[in-house]
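> any chance you could fold what I've pasted below:
(chains A and B)
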Amino acid sequence: MVAAATHEGRARRRVAGPLYAALPTLVLIALFVGPMVILLYYSFQRYSLGGIGGWTFDNYTSIATDHTYAKVMVSTIVICTVSMVIMLAIGIPLAYILAFRTKPKYELLLLLTLVMAEELNPLIRIYAWRMILGRGGVINWFLQAIGVIDQPIDALLFSSTAVVIVLSTTYISFTTIPIYAALKAVDPDLLEAADDLGATFLTRFRTILMPLAAPGIFVAIILVYIPLYSEFAAPALVGGTGGYMIGNAIQEAILESGNRGVGSAMSFMLLVLSGAIAFLGYRAARIRRLQAT
Amino acid sequence: MAAEPLELGRPGDTPALRLPSAADERRPPGTSRWATGARWTFLVVVMLILYGPLIVLALFSLNDSIVIALPFKGFTLEWYREAVSNGLVRESIKNSLAVAFVVTPISLLLGTMAAFATTRFRYRGRGGVAALTGGPLVVPWLLVGVGALLFFARLDVPLNLRTIGAMHVVVAFPLVAAIVSARLVRFDSSLEEAARDLGATNREVLRYIVLPHLVPALAAASILAFSYSFNNFVISFFVGGFELTFPIWVFSTLRHAQNVPIVNAISTLVSIVQVVVVGVAWRLWRRRSDRTAATNEAAELLW
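Numbers count the residues shown, from 1 in each chain, chains lettered A, B, ... in the order given. Below you'll find the model as predicted:
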């Protein structure tokens, strides 16, 4: 009887699964796949004020041959990579402290403050940094007050440094939480056993913590590093010319100069890059996890 | 994945809780005074980086000067008065709230359906559904926005709050799906089987077994979906046409002016509301279970 019931259940489930999947899938095909296909389509279209006209590869060749695009791409890669490294340098120790070196009471509180930081509006945070880094801002005021400088430093704001500062402080929570979750799965006894057997902190870090934290680190990279590449509000508001990123170039091409072809081509290249990073990240995360267990 | 909640019978188990006793020949690793001091310094610096700017922002909202620069000139609530009576501010907040209140329930529904479809059933194409649902989580929002703009323009769909809402749903519901499926995967299906053996119908199983198990995930997901929508700038910027949402208002105001005290005032207000909402939700959640269990659950959900 039980077997019959299970069998019946299975048959019902075979229908119910696609039934549940139908609506979400339709929405995604219409409003997510559709826009991505349009992006790809436009990137291969000749575009002029009169509208699109005919297939072409020009959009990609003009990006490849134009030096300004190459420069923007290089500065984007530098800004994103430096920000990511800074965030990992803060996020890994922070996750370690949260997972192993905090009393449960504080652990929850710290976790809450991290989550909260993530919930607050990123634009508000960008604006807040502008008040700190600006000409009349807190840092300039402080440096003048203690007599280190007599003229305010203008370069703090509207530079690639400002973009790195803003970006790397915006996504600290996103970086820390996946690493924390991965470390949380490590048995604290393991660390203690290693310690009892005479392993130094470095050995424990290298042989136990890093391999076990690795999946979390890759997830953090997928969650944070990819969106960094398409950042556009922060460079627009604090970047000036030095902090101009590929996201700004896309926005300008699409909305301001009206060159949808080049804008779509850049977008599509960014999409391929994101896909590649995500793919590598997922593979790395899975392989490491298998090794760890 | 995450460690089981600690049993009450094993008090000294976590290193942080462990008290040095006479039996210990040396202190457990990382409990020396120096290490503790270094950890606290680090935590304070991180908190300053995360919240310092927002405190500065709040302080300047009370400063009696149109120029945002130190030193402080005096105390005023003028900027708050101006902010709440400003027509554009009111319109932008109203629009953002309206969109978020519509986007959240739709995302919860679609996300839960997608989570059920990808975790509880086996059928051909399940992998495809899962990959498709993960897509918007991996593709940068800028590209979603740009693509959607071109897509709507191509189909002659007028850009307004509806297009904003539709695209917010597209990025928010996969997040809901991820959170809910993480919870469903950990669901002990023997509970469900037991209920069925005792004669429960499908609907009863869903109502009394599955849904209660999902409540924390759904609560967390709805807060995240709401703030995804309320805070979203890039997508709204591209598919919003001439409509104003709060982030768009902040952006365009800052684009044209250096620093504006009413932005400080309204931003402070919005942040306070967000902090209160998340804080209250957290308290409600914590009441359900003891601290360690709540922490573990949080870790599970976030992972």
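> quick check: next helix or strand after the least confident helix or strand in chain A by mean pLDDT?
When the helices and strands of chain A are scored by mean pLDDT, DSSP states H and E, helix A:2-28 comes last with a mean of 70. Per DSSP states H and E, the first helix or strand lying C-terminal to helix A:2-28 is helix A:34-43.
> what helices and strands are in contact with the very next helix or strand once past that following helix?
Remark: after helix A:34-43, the chain's next helix or strand is strand A:45-48, criterion DSSP H and E. Other elements packing on strand A:45-48 under the criterion 3 or more CB pairs under 8 Å, 6 or more residues apart in numbering or on different chains; DSSP states H and E are strand A:51-55, helix A:58-65, helix A:260-292. For every residue, glycine as well, the C-beta is placed using N, CA and C.
> ok, and what's touching strand A:45-48?
Residues from elsewhere that reach strand A:45-48, judged by CB atoms under 8 Å, 6 or more residues apart in numbering or on different chains: A:52-56, A:58-59, A:259-262, A:264.
> change it to 6 Å
By CB atoms under 6 Å, 6 or more residues apart in numbering or on different chains, the surrounding residues in contact with strand A:45-48 are A:52-54, A:56, A:260-261.
> same question, stretch A:22-33
By CB under 6 Å, 6+ apart, stretch A:22-33 touches B:110, B:113-114, B:129, B:132, B:135-136, B:166, B:170.
> longest helix anywhere in chain B?
Ordering each helix of chain B by length in residues (DSSP state H) puts helix B:87-119 first.
> could you pick out which of the contacts of stretch A:22-33 are near chain A?
With CB under 6 Å from any CB of the partner chain as the criterion, the contacts of stretch A:22-33 include B:110, B:113-114, B:129, B:132, B:135-136, B:166, B:170 near chain A.
> for those, work out which two are farthest apart.
Within these, B:Val129 and B:Ala166 form the most distant pair, 20.0 Å apart (CB to CB).
> check the residue nearest to the spatial centre of chain A and give its pLDDT.
Nearest to the mean C-alpha position of chain A, counting by CA atoms, centre = their mean, stands A:Val224 at 1.8 Å. pLDDT recorded at A:Val224 is 89.
> quickly note the distance from it to B:Glu192.
Using CB to CB, to the nearest Å, one gets 37 Å for the distance from A:Val224 to B:Glu192.
> quick revisit: dump the helices and strands packed on strand A:45-48 into a markdown table; add mean pLDDT as well.
Converted to a markdown table, the helices and strands packed on strand A:45-48 look like this (pLDDT from 0 to 100):
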| stretch | mean pLDDT |
| --- | --- |
| strand A:51-55 | 73 |
| helix A:58-65 | 84 |
| helix A:260-292 | 78 |
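> looking at these, which is buried most?
Comparing the helices and strands packed on strand A:45-48 by mean neighbour count (mean count of other CB atoms under 10 Å in any protein chain shown), helix A:260-292 comes out on top with a mean of 19.
> and the gap between the closest residue to B:Leu88 other than its chain neighbours and B:His256?
Leaving aside its sequence neighbours, B:Leu88 sits nearest to B:Trp249 (CB to CB, 6 or more residues apart in numbering or on different chains; 6.0 Å). In this view, B:Trp249 and B:His256 are 12 Å apart by CB to CB.
> for B:Thr163, same thing?
25 Å.
> in terms of neighbours, single out the busier of these two.
B:Thr163 (23 against 7; other CB atoms under 10 Å in any protein chain shown).
> need the phi and psi values for that one.
Backbone dihedrals for B:Thr163, given as degrees, to the nearest 10, come out at phi -70, psi -40.
> next one: phi and psi at A:Ser257?
phi -90, psi -10.
> if we can go back for a sec, helix or strand right after the longest helix of chain B?
For helix B:87-119, the succeeding helix or strand toward the C-terminus, using DSSP H and E, is helix B:126-138.
> show me what the mean pLDDT comes to for that next one.
Averaging pLDDT along helix B:126-138 yields 87.
> just say helix, strand or coil for B:Leu244.
At B:Leu244 the chain is in coil, as set by DSSP: H, G, I helix; E, B strand; the rest coil.
> if I pick it, what's in contact with it?
If you count contacts by CB under 6 Å, 6+ apart, B:Leu244 has them with B:91-92.
> test my guess that A:Phe232 contacts A:Gly247.
Yes - here A:Phe232 reaches A:Gly247: they are 3.4 Å apart, a contact under CB atoms under 6 Å.
> now for these two: what residues contact both?
Residues within reach of A:Phe232 and of A:Gly247 at once, by CB under 6 Å, 6+ apart, are B:Leu142.
> more neighbours, these two?
Per other CB under 10 Å, whichever of A:Phe232 and A:Gly247 has more neighbours is A:Gly247, with 29 against 26.
> quick one: that one and A:Ser230 touch, right?
Yes - counting by CB under 6 Å, A:Gly247 does reach A:Ser230; the two are 4.9 Å apart.
> need the overlap of contacts for these two.
In contact with both A:Gly247 and A:Ser230: B:Leu142, using CB under 6 Å, 6+ apart.
> now the nearest residue to A:Tyr171 once chain neighbours are set aside: how far from chain B?
With sequence-adjacent residues excluded and distances taken as CB to CB, 6+ apart, A:Tyr171 is closest to A:Val224, at 4.7 Å. For A:Val224, the distance to chain B equals 11 Å [CB to the nearest CB, to the nearest Å].
> quick one: contacts for A:Val224?
A:171, A:174-175.
> same list, these, but as CSV with pLDDT, distance to A:Ala185 and neighbour count please.
Output for those, formatted as CSV (pLDDT from 0 to 100; distance: CB to CB, whole Å; neighbours: other CB atoms under 10 Å in any protein chain shown):
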residue, pLDDT, distance to A:Ala185, neighbour count
A:Tyr171, 90, 23, 23
A:Phe174, 87, 19, 18
A:Thr175, 90, 18, 29
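> so which of those residues is the closest to B:Ala200?
Nearest to B:Ala200, judged by CB to CB, of the contacts of A:Val224 is A:Phe174 at 40.4 Å.
> could you double-check that the closest one lies in contact with A:Tyr225?
No - counting by CB under 6 Å, A:Phe174 stays clear of A:Tyr225, with 10.2 Å between them.
> can I get the CA coordinates of the helix or strand hosting A:Gln144 in PDB?
Assigned by DSSP H and E, A:Gln144 falls within helix A:138-145. C-alpha atoms of helix A:138-145 as PDB (Å, rounded to 0.1, in the frame of the first residue of the first chain):
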ATOM      1  CA  VAL A 138      36.100  65.500   7.300                       C
ATOM      2  CA  ILE A 139      39.600  64.200   6.200                       C
ATOM      3  CA  ASN A 140      40.700  67.500   4.700                       C
ATOM      4  CA  TRP A 141      39.500  69.400   7.800                       C
ATOM      5  CA  PHE A 142      41.300  67.000  10.100                       C
ATOM      6  CA  LEU A 143      44.600  67.100   8.200                       C
ATOM      7  CA  GLN A 144      44.400  70.900   8.100                       C
ATOM      8  CA  ALA A 145      43.600  71.100  11.800                       C
END
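> what comes up buried for that helix?
A:138, A:140-141 (16 or more other CB atoms under 10 Å in any protein chain shown).
> got those residues as CSV, with distance to A:Val74 and pLDDT columns?
Shown next, in CSV, are these (distance: CB to CB, whole Å; pLDDT from 0 to 100):
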residue, distance to A:Val74, pLDDT
A:Val138, 31, 81
A:Asn140, 29, 82
A:Trp141, 34, 82
